[in-house]
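Visitor: fold the following and give me the result.
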Amino acid sequence: MNHIDRKNQHIELALAQSEPRSPFDRLRITHRALPEVNLSDIDLSTTLLGHRQRAPLFISSMTGGPARAETINRHLAEACQETGLAMGVGSQRIGLERGETAGLAESIRHAIGKQPLFANFGAVNLRTLSALSELNRILDPLEADALILHLNPMQEVFQTGGDTDWSGVLDAIAATCDWCPVPVIVKEVGFGLDPVSAEQLLDAGVSLLDVAGRGGTRFDRIEQQLAHPEGATPEEVFADWGLTTVESLRAIKAVRANAPLVASGGIRNGLDLAKSLCLGAQAGGIAGAVLQDALISTDAVVATLSRFTDDLKIACFGAGVGSVSEWGAQHIEDIA
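Guide: From the prediction side, this is the model:
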């Protein structure tokens, strides 16, 4: 199977995934019967890597290679431009290797306008570059505002021909942070960022961590389905591997209270987003929640993003929170 076919199947299998239970359901925001705020005055705006955003929400990295991704990314970018939100593109490794833009270059920057746009490259692939300046070939066409380096060891181990030598990756990330002309974000891809790795990455110069916990799109399952189409996979053995988004946020904040975090992985609505903010995230990222919409139209994506921000504003109102900057641990409790 070539890269284009595999990326197309990634889209199909990601659309088919669902998580019946969520750790967010075991958290409850404390209700305020006397909120003492005006719903219309609630301020959802925030700052992400120095960029003012209308809400603490962004489109997380999704898909890169196939031709259908051009339509997906264009709809996502246009929706972000309309709603005043940031966006991360999917992995650009193949485009860099082949000299192809695959829908991830000038057209996406044009569609998103001045909103923040993040390039994306696999952290494990940094060691294969002849020089870090090669990354300019993915940064420059996007006029990227940041570079996402994704961590996907458990995807690679199940992928046919995947890269299972992860020695020296931290040093490569540190060197990239020293060289990179824009902030570096490090993102897990569905297993949650652990506190030991988080501290190592922040000490290496990473500007922002996306915990990307278990509960969203599971790329290990996708790779297993591609490798074992007959259905016999080791999926059950590793079904509970990794940290949920809730666990990851809490674990990292316990060892480094000021860690700059964003949350993705299983954020289904604006209430989940509010709970993430209570746990210390600066913003929340969504991908699977808008993938189907992105296949349809820009308006469909805008409608979903608007539902998220409407939910968030209602949660603020119900908790007596006048601005998203006020959310904190005092607003949330565990339930059985």
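Visitor: ok, the residue nearest to the spatial centre of the chain to Asp178 distance?
Guide: Nearest to the geometric centre of the chain sits Ser60, at 3.5 Å (CA atoms, centre = their mean). For Ser60, the distance to Asp178 equals 26 Å [CB to CB, to the nearest Å]. C-beta: built from backbone N, CA, C; applies to glycine.
Visitor: what do you get for His331?
Guide: Relative to Asp178, and taking CB to CB, His331 is found at 38 Å.
Visitor: what of Ser130?
Guide: Counting by CB to CB, the gap from Ser130 to Asp178 is 17 Å.
Visitor: neighbour count: these two, which is higher?
Guide: Comparing Ser130 with Asp178 by other CB atoms under 10 Å, the one with more neighbours is Asp178, at 11 against 6.
Visitor: what sits against the more buried one?
Guide: Gly205 (CB atoms under 8 Å, 6 or more residues apart in numbering).
Visitor: wasn't it part of a helix?
Guide: Yes: the assignment for Asp178 (DSSP: H, G, I helix; E, B strand; the rest coil) places it in a helix.
Visitor: centre of the chain versus stretch 74-84, how much separation?
Guide: With CA atoms, centre = their mean, to the nearest Å as the basis, stretch 74-84 stands 16 Å off its chain's centre.
Visitor: alpha carbons of it, as PDB, please.
Guide: Provided in PDB are the C-alpha atoms of stretch 74-84 (Å, rounded to 0.1, in the frame of the first residue of the first chain):
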ATOM      1  CA  ARG A  74      -9.300  24.200   2.800                       C
ATOM      2  CA  HIS A  75     -12.600  23.900   4.700                       C
ATOM      3  CA  LEU A  76     -10.900  23.800   8.000                       C
ATOM      4  CA  ALA A  77      -8.700  26.800   7.200                       C
ATOM      5  CA  GLU A  78     -11.700  28.900   5.900                       C
ATOM      6  CA  ALA A  79     -13.600  28.000   9.000                       C
ATOM      7  CA  CYS A  80     -10.800  29.100  11.300                       C
ATOM      8  CA  GLN A  81     -10.500  32.400   9.400                       C
ATOM      9  CA  GLU A  82     -14.200  33.000   9.900                       C
ATOM     10  CA  THR A  83     -14.200  32.100  13.600                       C
ATOM     11  CA  GLY A  84     -10.900  33.600  14.600                       C
END
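Visitor: can you give the contact residues for that stretch?
Guide: With CB under 8 Å, 6+ apart as the criterion, stretch 74-84 contacts 53-55, 58-59, 62, 85-87, 103, 107-109, 111-113, 115, 117, 290, 293-298, 300-302, 305-306, 309.
Visitor: return the members of the residues you listed classed as buried.
Guide: Among these, those scoring as buried are 53, 55, 58-59, 62, 85-87, 103, 108-109, 111-112, 115, 117, 290, 293-294, 298, 300-302, 305, 309 (criterion: 16 or more other CB atoms under 10 Å).
Visitor: mind checking which of those are in helices?
Guide: Among these, the members falling in helices are 108-109, 111-112, 290, 293-294, 298, 300-302, 305, 309 (criterion: DSSP state H).
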